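Chemist: Fold the stuff below for me.
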Amino acid sequence: MSTLLPLFVAAPAVTGIAGYLARDLRAAVPGATPAATAAPPPGTPPHRPLVEYFNIAELTVTDAKGFVRPVERFQVEPWGLYMARMVDGSRYLQSWLLPDLSVRATVIHTRAGQHRSRDYVLDIGEYTKIAPRRWKAVDQYLDVVVRHRRSTQLRGVGELLAAHAAGLVDTAQAHRAVERATAALDGLAAHDHDVELWLAARDITLTWM
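Modeler: As a prediction, this is how the structure comes out:
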């Protein structure tokens, strides 16, 4: 874990939001005061990055456990891939994979067409098109929870550090996750915790069912 500390210590010198990130990261380091969002639940073992595969032609997603799930709709745009599907038989999940930002933007409702809040969960990860009709998502542990125009909260720091300490991700991968989360936090802070405004500044417009 110590090989990650130089990045965490240097973060406050980069931007104010990076400093916020560094404080949350330091809170997961032994000897520091723990933060509410830093550590995974007690007894949770470290795990490898979660991987999903999206098959546009077959309207399926293969989840991190290898289960193949039906998808209601895919939509491809220059900036990424949209997916909508039911989860757990009662919730409606919509996501946009945005490769250039290393972000997956997700909202969940109880049914399609339900009034959607403007709160988001942004999963930091690697999102790539691996074939003409297939995409791959590799989660990098860190999530950014955005409450529209109110707050932005970083989660998953403890999971990332535990995975690194266990040798499940290398230092370069951990650094990339931190840098990508910092970029998202900076962008959201500059746009008043408004995901759509932040994305519009990058010529990205998300549509939802």
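
Chemist: What ranges does the chain have for its helices?
Modeler: Using DSSP state H, the helices of the chain run over 5-10, 16-27, 157-165, 171-190, 195-200.

Chemist: State the distance from the closest residue to Val51 other than its chain neighbours to Phe54.
Modeler: Leaving aside its sequence neighbours, Val51 sits nearest to Val138 (C-beta to C-beta, 6 or more residues apart in numbering; 5.3 Å). For the C-beta atoms, the positions are set from N, CA and C on the backbone; glycine is no exception. Note on Val138: its distance to Phe54, by C-beta to C-beta, to the nearest Å, is 12 Å.

Chemist: between these two, who's got more neighbours?
Modeler: Each of Val138 and Phe54 has its neighbours counted (other C-beta atoms under 10 Å); Phe54 has more, 23 against 16.

Chemist: residue contacts, the more buried one?
Modeler: The contact partners of Phe54, by C-beta atoms under 8 Å, 6 or more residues apart in numbering, come to Thr60, Val61, Val71, Phe74, Leu81, Met83, Leu97, Arg134, Trp135, Lys136, Ala137.

Chemist: change it to 6 Å
Modeler: Val61, Trp135 (C-beta atoms under 6 Å, 6 or more residues apart in numbering).

Chemist: Tell me the predicted confidence for it.
Modeler: We have a pLDDT of 98 for Phe54.

Chemist: Given the strand ranked longest in the chain, what are its sheet partners and their directions?
Modeler: Using DSSP state E to define each element, the chain has its longest strand at strand 134-147. Its sheet considered, strand 134-147 pairs with strand 51-55 (antiparallel), strand 120-131 (antiparallel), strand 151-155 (antiparallel) by DSSP bridges.
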